[in-house]
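Undergrad: Please work out how this folds:
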Amino acid sequence: MSRGLVVLVNPNKVHPPIAPYALDVLTTSLELAGFEVEVLDLTFHRDDWKSCLAEYFGHRSPMLVGVTIRNTDTVYAFEQRPFVGEHKEIITEIMRLTDAPIIGGGIGFSTMPFALIDYFGIDFGVKGPGEQILCDLADALATGRDPATVSGLIRNTPGGITRVPPPVLTTSRERTVTLPFTGHNEDRVWQVDRAGTYVRRSGAPYKVDNLEYYQRGGLAGILTKNGCTYRCAHCVEPDAKGTVFGRRDVSAVVDEMESLAGHGILDQHTTDSEFNLSIAHAKNLLREIIRRKHADAANPLNELRLWVYCQPSPFDEEFAELLAAAGCRGVNVGSDHVRADMLQNWKVTAKGTTYYTFADTEKLVRLCHEHGMMTMVEALLGMPGETHETMLECVDAFMGLDATVTGFSLGLRLFPYTPMGISMAEQCDGVRTLPGLQSNTAVAPIVLKPLAKCSGPVEYERQFMFDEHGDFRLVCYFSPDLVEAPGTVTDPAGRWSRSVEVLWDHIDPGEYYRVMLPTLSGSSEHDNNYADNPFLTSLSGLGYTGAFWAHWRDREVILRRARDAGMIGSVDA
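TA: You can find the predicted model right below:
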């Protein structure tokens with residue numbers, strides 16, 4: 001007998017659609033705990049979402065509603081398109097239709113949970129993996145237990161938004177616990193179900209339809225571990241997912257992959273922070289895939305097409321061989337830069353030391369190509385210390401790799417609890433701006449305050465998304481040492497357009513077919529932003545599968561086919 005109905009809502013309306021993997025994870029845990037779970041997915045109801053909500057809640061009385069916030073915005077420094085405004089409209093409508101308490105979660109939500117609970121006006125929130133906390137909250141509501149007993153839960157109370165201390169804080173003798181419990185940069189392994197196999201469904205009513213997402217988006221996600229022990233200056237993952245690797249049971253992960261493949265979902269992409277960090281675990285998982293393939297020629301894993309995120313190191317010959325044997329088609333590597341002085345204090349371990357050189361990237365690309373795997377190498381330009389000369393040095397070195405595709409991003413979206421976000425708030429100290437702080441909607445200099453000078457985490461987190469009037473102002477950073485038009489660096493809404501033009505001019509047009517470059521418009525056939533991108537929607541509409549970058553070299557032909565089919569209109573290059 002069910003202990004009550006929990007409804008999980010996906011408000012993400014961006015296309016190409018990405019399956020809300022977290023809702024499969026949560027559904028699995030809640031069902032094991034005895035609750036009935038239904039997923040209300042609005043991704044395929046972009047135009048009729050209100051009527052979809054009204055019809056659903058007109059016939060349901062849930063005890064709890066969960067809403068996943070995968071991204072707060074595009075995280076694209078030139079477009080700066082927020083999503084949380086749309087999410088608030090949906091949440092407000094849900095609150096009108098049901099009296100059930102609402103809990104927010106998801107990776108985007110976890111970057112600023114206190115501010116988003118306040119902005120949405122919801123009852124609860126989860127920072128990081130949600131399966132343990134959500135099940136405990138559902139149990140509390142079912143039994144009448146006080147939610148204040150739910151470890152790690154963020155609560156919206158009459159006295160303010162507070163967080164129940166989790167076990168990692170309350171049981172540690174080595175850690176001084178201070179209020180408020182903001183929960184940033186914590187060990188979150190206790191929040192993860194590492195032993196079980198997440199149930200992935202297709203075609204079941206009111207569940208995530210993984211096959212439809214695959215047919216309309218070309219990929220399925222697979223998680224082999226949660227969290228990250230590294231401390232890269234710009235990355236939200238250690239804070240949002242946890243500072244310790246929560247490695248999942250190898251057999252459970254491969255069971256899940258086999259299940260997806262059995263549905264005909266053959267292109268699967270790792271959703272780990274980086275697949276090769278904790279490389280022994282990654283190798284064991286690949287060995288299990290290979291073992292099952294060899295043991296049974298009819299196993300659907302024999303048709304698996306695996307796509308992975310990696311860092312340049314560790315990556316050795318054995319790892320490349322295992323990847324290829326497991327069915328890996330492509331490796332996306334975040335090398336970010338070529339210069340050691342740029343990577344220092346930026347791409348670092350928990351001890352603050354760099355963990356790779358450009359030679360590691362060269363080795364990775366060579367090993368992948370030798371074993372028949374494609375590569376995408378990504379650079380992140382415009383970090384602190386970047387100059388015109390260092391930028392072009394990075395471009396030349398990366399283009400010389402001859403990767404399948406090379407991607408260059410310029411500028412960075414700042415978040416509250418990344419090392420870089422914390423540092424810049426401390427440098428501003430609430431009294432000054434910093435050269436390079438920028439927002440497309442800024443109407444005044446951007447002055448950040450450190451957490452210690454804020455009234456609490458709500459005020460601290462809000463300033464990275466909103467200005468003092470409550471209007472959207474997504475805080476980004478571009479190196480002020482790049483060569484820009486006069487006044488750009490001192491204008492808080494300045495656009496680093498000259499640097500974009502330099503990049504396009506520096507690369508031979510004959511090489512454009514294999515490179516992704518930043519664009520000023522945010523919408524062209526060359527644009528490498530994900531949200532509602534015409535090239536990416538063309539891919540899915542024409543039936544292409546796999547990592548989108550694997551088809552980048554053929555984009556002109558693909559876009560022409562899409563235009564001929566009436567799927568998209570003319571797009572300015």
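Undergrad: which regions of this protein lie under the pLDDT threshold?
TA: 168-181, 521-528, 569-573 (pLDDT under 70).
Undergrad: and after the top helix by length along it, which helix or strand comes next?
TA: Identified as the longest helix of the chain according to DSSP state H is helix 279-295. Per DSSP states H and E, helix 279-295 leads on to strand 305-310 as the next helix or strand towards the C-terminus.
Undergrad: partner strands of that following strand, parallel or antiparallel?
TA: Strand pairing for strand 305-310, determined by DSSP bridges: strand 267-270 (parallel), strand 328-336 (parallel).
Undergrad: To Thr537, which of those strands lies closest?
TA: Nearest of these to Thr537, taken as Cβ to Cβ: strand 267-270 at 17.1 Å. For the C-beta atoms, the positions are set from N, CA and C on the backbone; glycine is no exception.
Undergrad: how about that closest one as CSV, C-alpha atoms only?
TA: The C-alpha trace of strand 267-270 is given here as CSV (Å, rounded to 0.1, in the frame of the first residue of the first chain):
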residue,chain,number,x,y,z
ASP,A,267,24.2,6.6,-27.1
GLN,A,268,25.0,7.2,-23.5
HIS,A,269,27.0,10.1,-22.0
THR,A,270,28.7,10.2,-18.6
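Undergrad: I'd like the distance from it to the chain centre, please.
TA: 15 Å (Cα atoms, centre = their mean, to the nearest Å).
Undergrad: now do stretch 136-143
TA: Between the centre of stretch 136-143 and the centre of its chain there are 29 Å (Cα atoms, centre = their mean).
Undergrad: what does stretch 386-400 give?
TA: Worked out by Cα atoms, centre = their mean, stretch 386-400 lies 26 Å from the chain centre.
Undergrad: what residues does it touch?
TA: 335, 337-339, 342, 358, 377, 379, 381-382, 406, 408, 479, 481-483, 499, 502-503, 506-507, 511, 515 (Cβ atoms under 8 Å, 6 or more residues apart in numbering).
Undergrad: PyMOL command for the buried members of those?
TA: Remark: buried members of the contacts of stretch 386-400, expressed as a PyMOL selection using 16 or more other Cβ atoms under 10 Å:
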select buried, resi 335+337+338+339+342+358+377+379+381+382+406+408+479+481+482+499+502+503+507+515
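Undergrad: Now intersect the contacts of stretch 386-400 with the helices, please.
TA: Going by DSSP H, the helices hold Met342, Phe358, Ser499, Val502, Leu503, His506 from the contacts of stretch 386-400.
Undergrad: Make a markdown table out of these and add distance to Arg432.
TA: Output for the ones in helices among the contacts of stretch 386-400, formatted as a markdown table (distance: Cβ to Cβ, whole Å):
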| residue | distance to Arg432 |
| --- | --- |
| Met342 | 25 |
| Phe358 | 35 |
| Ser499 | 24 |
| Val502 | 29 |
| Leu503 | 30 |
| His506 | 34 |
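Undergrad: Excluding covalently adjacent residues, which one is nearest to Leu412?
TA: Nearest residue to Leu412 in three dimensions, chain neighbours excluded: Tyr477, at 4.9 Å (Cβ to Cβ, 6 or more residues apart in numbering).
Undergrad: ok, now Asn185?
TA: Once flanking residues are discounted, Asn185 sits nearest to Asp239: 5.1 Å by Cβ to Cβ, 6+ apart.
Undergrad: For the one you found, list the residues it contacts.
TA: Ser110, Thr111, His184, Asn185, Phe415, Tyr417, Thr418.
Undergrad: Show the contacting residues for the last one.
TA: When the contact criterion is Cβ under 8 Å, 6+ apart, the partners of Thr418 are Ala233, His234, Cys235, Val236, Asp239.
Undergrad: which SS state does His234 fall under?
TA: At His234, secondary structure determined by DSSP: H, G, I helix; E, B strand; the rest coil is coil.
Undergrad: ok, it touching Ser409?
TA: No: counting by Cβ atoms under 8 Å, His234 sits too far from Ser409 to count as a contact (10.6 Å).
Undergrad: what residues do those two have in common as contacts?
TA: Leu380.
Undergrad: where's Gly327 relative to Leu304, distance?
TA: 4 Å (Cβ to Cβ, to the nearest Å).
Undergrad: between these two, what contacts are shared?
TA: Joint contacts of Gly327 and Leu304 (Cβ under 8 Å, 6+ apart) are Ile289, Lys293.
Undergrad: on that earlier part again, pull the helix or strand hosting the residue nearest to Asn185 out as PDB, backbone CA atoms only.
TA: Taking DSSP H and E as the definition, Asp239 sits inside helix 237-241. Coordinates of each C-alpha in helix 237-241 appear next as PDB, following Å, rounded to 0.1, in the frame of the first residue of the first chain:
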ATOM      1  CA  GLU A 237      30.500  20.800  -9.000                       C
ATOM      2  CA  PRO A 238      32.500  20.300  -5.700                       C
ATOM      3  CA  ASP A 239      30.100  22.700  -3.900                       C
ATOM      4  CA  ALA A 240      26.900  21.600  -5.500                       C
ATOM      5  CA  LYS A 241      27.600  17.900  -5.600                       C
END
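Undergrad: now that helix: how far from the chain's centre is it?
TA: Worked out by Cα atoms, centre = their mean, helix 237-241 lies 10 Å from the chain centre.
Undergrad: who touches the residue nearest to Leu412 in this structure?
TA: Applying Cβ under 8 Å, 6+ apart, we find Tyr477 in contact with Ala77, Gly382, Met383, Pro384, Gly411, Leu412, Leu414, Met420, Met424, Gly436, Leu437, Gln438.
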